[in-house]
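# Using only what follows, build the 3D model:
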Amino acid sequence: MDGIINVRKEKGFTSFDVVAKLRGILKMKKIGHTGTLDPDAEGVLPVCIGKATRVCDLLTDKDKVYEAVMLLGKETDTQDMTGTILKESEVNFSIEEVKQCIESFVGEYAQIPPMYSALKVNGKKLCDLARNGVEVERKARKVQILDIAILSIDLPRVTMRVHCSKGTYIRTLCHDIGEKLGCGACMEYLVRTRVSDFQIEDAKTLQEIETIMKSGKIEEILYPIDTVFKNLPQIHSRKDSTALLYNGNKLPLPVIAEAETIEHTLASFYKEDDSKLYFLCEEMNLIYKGELTLAGKSLTGRENMGKILAAKVCIAIISGFLAELVYVNVFKKKEKDI
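Next comes the predicted model:
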């Protein structure tokens, strides 16, 4: 079973909880999620199954859309409603002033990750340090707020839709907006509505997935692996060039069926007259065989490479044994005769 399941994570579950429960439901171990969601948050969590686990990092890098409720006038140590209240202030701003402040965050800005997060410093999770009362310096990271749509304002609450880059903390965005206004703020509610092309309308809860699995229809909700690459240029290699690809040779344009100028650093490869993705390539002039990674790997070659490697090891062992046998039976015998 290989593919991607669009899971709707419910409140109370960590992303790792979702993976653990799916392993039990699907009866398989090779499962990985594509980016954490806080336990109190809900929404889209694409989960990679089987060979699709090799593309987890690619999905983690995708842009995301959230709907959040920001509560002005309240600061907490976790930047959401689960933490200890640090400060409360009156909210004496007009709706227009709040709108202007929120919209000023659209674009690139330097965001300092919260202490209560899964990020690691010197091998230790920030959240673990925070729970022990330890606060460490965190470097600001550049994030992109691609768009903020204000859905409603009923002060002190603001409901907004945020389209952002990977690595953006929405609760930190709420905190930073409150800090800029001068009244403080925290996140009251969060739902992730989209990760790349995976929409919340199509997402399934764990209970729904279990029911589908029991009915024997799990393949119906599995997205093919190349769903992740549908916006990449597709290159169809000629039948006579397949061996070149599998053997890790440089790929001259004449062996490509559709010789187009590709400006992307990433491209997906298909065999001529075949719709099945079998290579992902980052470097247009060099293909590596064996596995799928950003460097350009084969989706289907890993098992073949394992067999080839095993065969080479066996040949080496047998060759060594035969050499020893020849030495003992021929050269040793000659030495004895002498």
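
# Against V162, how distant is R192?
Remark: distance between R192 and V162 (Cβ to Cβ, to the nearest Å) = 10 Å. Just so you know, the C-beta spots here come from the backbone N, C-alpha and C atoms, and that holds for glycine as well.

# who touches both of these two?
Here R192 and V162 have V65, Y66 as joint contacts, going by Cβ atoms under 8 Å, 6 or more residues apart in numbering.

# Find the residue ranges of this protein scoring beneath the pLDDT cut-off.
Where the chain drops to pLDDT under 70, the residues are 60-61, 229-338.

# which one's the longest strand in it?
Longest strand of the chain, by residue count under DSSP state E: strand 141-154.

# That one - contacts with which helices or strands?
Counting contacts by 3 or more Cβ pairs under 8 Å, 6 or more residues apart in numbering; DSSP states H and E, strand 141-154 packs against helix 95-103, strand 107-111, strand 157-164.

# Show me what the shortest one is packed up against.
Strand 107-111 sits against strand 141-154, helix 170-181, with contacts defined as 3+ Cβ pairs under 8 Å, 6+ apart.

# how does it look with 6 Å?
strand 141-154 (3 or more Cβ pairs under 6 Å, 6 or more residues apart in numbering; DSSP states H and E).

# mind listing what's buried in the strand it packs on?
V143, Q144, I145, L146, I148, I153 (16 or more other Cβ atoms under 10 Å).

# Likewise for stretch 106-125?
For stretch 106-125, by 16+ other Cβ under 10 Å, it's Y109, Q111, P113, P114, M115, Y116, S117.

# List of residues touching it?
36, 78-79, 126-127, 130, 135-136, 138, 140-145, 148, 169, 172 (Cβ atoms under 6 Å, 6 or more residues apart in numbering).

# if we go to 7 Å?
For stretch 106-125, the external contacting residues (Cβ atoms under 7 Å, 6 or more residues apart in numbering) are 36, 78-79, 83, 126-127, 129-130, 135-136, 138, 140-145, 147-148, 168-169, 171-172, 176.

# now swap in stretch 191-210 and tell me
With Cβ under 7 Å, 6+ apart, stretch 191-210 has contacts from 5-8, 10, 18, 21, 25, 34, 37, 41-44, 46, 59, 62-67, 221.

# Using neighbour counts, trim these to the buried set.
5-8, 10, 18, 21, 25, 34, 37, 41-44, 46, 59, 62, 64-67, 221.

# got the contact list for L146?
L146 touches D63, H163, C164, counting by Cβ under 7 Å, 6+ apart.

# could these be laid out in a markdown table, adding distance to K214?
Formatted as a markdown table, the contacts of L146 follow (distance: Cβ to Cβ, whole Å):
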| residue | distance to K214 |
| --- | --- |
| D63 | 35 |
| H163 | 37 |
| C164 | 37 |
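
# and the closest residue to M213 other than its chain neighbours, how far is that from V18?
Leaving out its chain neighbours, the residue that sits closest to M213 by Cβ to Cβ, 6 or more residues apart in numbering is I25, at 5.4 Å. Here I25 is placed at a distance of 10 Å from V18 (Cβ to Cβ).

# E179 too?
32 Å.

# on that earlier part again, tell me the secondary structure for the residue nearest to M213?
helix (DSSP: H, G, I helix; E, B strand; the rest coil).

# I'd like to know how far it sits from T205.
Counting by Cβ to Cβ, the gap from I25 to T205 is 11 Å.

# Kindly export stretch 59-78 (C-alpha atoms) in PDB.
Below are the C-alpha coordinates for stretch 59-78, written out as PDB (Å, rounded to 0.1, in the frame of the first residue of the first chain):
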ATOM      1  CA  LEU A  59       5.000  18.000   1.500                       C
ATOM      2  CA  THR A  60       6.400  19.600   4.700                       C
ATOM      3  CA  ASP A  61       7.800  22.400   2.500                       C
ATOM      4  CA  LYS A  62       4.400  23.200   0.900                       C
ATOM      5  CA  ASP A  63       2.500  26.400   1.700                       C
ATOM      6  CA  LYS A  64      -0.400  26.100   4.100                       C
ATOM      7  CA  VAL A  65      -3.700  27.900   4.900                       C
ATOM      8  CA  TYR A  66      -5.200  28.300   8.400                       C
ATOM      9  CA  GLU A  67      -8.300  29.800  10.000                       C
ATOM     10  CA  ALA A  68      -7.600  31.300  13.400                       C
ATOM     11  CA  VAL A  69      -9.400  33.200  16.100                       C
ATOM     12  CA  MET A  70      -7.100  35.800  17.700                       C
ATOM     13  CA  LEU A  71      -8.000  37.100  21.200                       C
ATOM     14  CA  LEU A  72      -6.600  40.600  21.800                       C
ATOM     15  CA  GLY A  73      -5.800  41.900  25.300                       C
ATOM     16  CA  LYS A  74      -4.500  38.600  26.700                       C
ATOM     17  CA  GLU A  75      -0.900  37.200  26.700                       C
ATOM     18  CA  THR A  76       0.000  33.700  27.700                       C
ATOM     19  CA  ASP A  77       3.300  31.800  28.000                       C
ATOM     20  CA  THR A  78       2.300  29.400  25.200                       C
END
